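A.B. asks: following is a predicted model, sequence given first.
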Amino acid sequence: MDKEIIEKLKKKAREAREKAYVPYSEFPVGAALLTVGGNIYTGCNIENASFGLTNCAERTAIFKAVSAGETEFKAMAIVGDTPGPVSPCGACRQVMNEFSPEMDIHLYNLAEDKEFTTAAELLPGFFTSKDMDR
Ligand SMILES: O=c1ccn([C@H]2C[C@H](O)[C@@H](CO)O2)c(=O)[nH]1
Ligand SMILES: [Zn+2]
């Protein structure tokens, strides 16, 4: 993929992180999602006094895109203040794979340590609609 667009995604993820609503964890995360058509949707984590209702940055970005009518994704950049590149939770890995198992995933921390992977690689054996065929 074009290096410029990857850099742009990283920047947008860092900017989205600034919008995180994290009064409980004080751990902001940002994500930027590139669609196959070239549009970018950003997301931040959004917490709640009922902690389990928290929505991660990754799913916020995906849900924004889907609610705008977009379901085919090319790449996502994710940024958190972690010792190494941030690691998406299991729920987000499953949601990524619902739409685009082939999508590139660029993981970063603030020090710009990075890891490149794909949605499918992040969740081997993910549950799909095919698993409901009988
Ligand atoms: O990849 C990740 C990991 C964690 N979080 C959020 C959930 C919660 O608000 C906070 C601490 O887990 O970070 C994300 O948004 N994305
Ligand atoms: Zn998550």
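C.D. replies: Cool, the structure landed. Ligands and ions are numbered 1, 2, ... in the order given.
A.B. asks: near ligand 2, which residues of this structure?
C.D. replies: Residues of the chain lying close to ligand 2 by Cβ under 5 Å from the ion are 56, 89, 92. The C-beta positions use only the backbone N, C-alpha and C, and glycine is treated the same way.
A.B. asks: among the residues you listed, which lie within helices?
C.D. replies: The helices, defined by DSSP state H, take in Cys92 from those.
A.B. asks: and the contacts of stretch 1-9?
C.D. replies: 32, 34, 40, 74-77, 104, 106 (Cβ atoms under 8 Å, 6 or more residues apart in numbering).
A.B. asks: from those residues, pick the one nearest ligand 1.
C.D. replies: Met76 (10.7 Å; Cβ to the nearest ligand atom).
A.B. asks: my read: the closest one touches Asn97, true?
C.D. replies: No - if you go by Cβ atoms under 8 Å, Met76 and Asn97 don't touch, sitting 11.9 Å apart.
A.B. asks: give me the more crowded residue out of these two.
C.D. replies: Met76 (29 against 20; other Cβ atoms under 10 Å).
A.B. asks: tell me the SS of that one?
C.D. replies: What DSSP: H, G, I helix; E, B strand; the rest coil gives for Met76 is strand.
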